[in-house]
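**Student:** any chance you could fold what I've pasted below:
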Amino acid sequence: MPLFDVHVTIENKPGISDPEGDTILNDLVLKGTQKSVSKIKTAKMLKFTIKEKDKKSAQLKVKEICDELRIYNPMVSKVTIDVFAN
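**Tutor:** Purely as a prediction, here's the structure:
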C-alpha cells in the first residue's frame with residue numbers, strides 16, 4: 001500500500017474569536033512596522049503519514065482518527081484535510 005502525507009488544519013470558524021491571532025496583530029500594530037497587515041488568524045496543523053490504498057481512503061481514515069480522539073470541537077472549529085502522495 002502507498003504512503004500518504006496528510007495535513008489536518010484546525011482553525012476557528014468565522015465569528016469565533018481568535019485571541020492568539022489578535023495578540024499577534026496588536027503587537028504588530030504597537031510596533032508600527034507592518035501597517036499593511038489588517039488581520040491574523042491562527043490555526044493548528046497535525047501531520048500524519050499513513051498507509052492506505054488511495055488518497056480518499058487516507059483522508060477518511062485520518063478524519064475518523066481525529067473524530068475518535070476528539071482532536072477538535074466541531075461546534076467552533078473548521079477542519080481541512082489535505083492528502084499528498086509521499
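
**Student:** what's the following helix or strand after the longest helix anywhere in the chain?
**Tutor:** In the chain, with assignment by DSSP state H, the single longest helix is helix 55-69. The C-terminal neighbour of helix 55-69 among helices and strands, as given by DSSP states H and E, is strand 77-85.

**Student:** which helices and strands does that next one pack with?
**Tutor:** strand 3-12, helix 55-69 (3 or more CB pairs under 8 Å, 6 or more residues apart in numbering; DSSP states H and E). In short, each C-beta sits where N, CA and C put it, glycine included.

**Student:** let me see the mean pLDDT of it.
**Tutor:** Here strand 77-85 scores 97 as its mean pLDDT.

**Student:** tell me the angle it makes with strand 3-12.
**Tutor:** Put simply, strand 77-85 runs at 160 degrees to strand 3-12, going by axes from the mean of the first three to the mean of the last three CA atoms, to 10 degrees.
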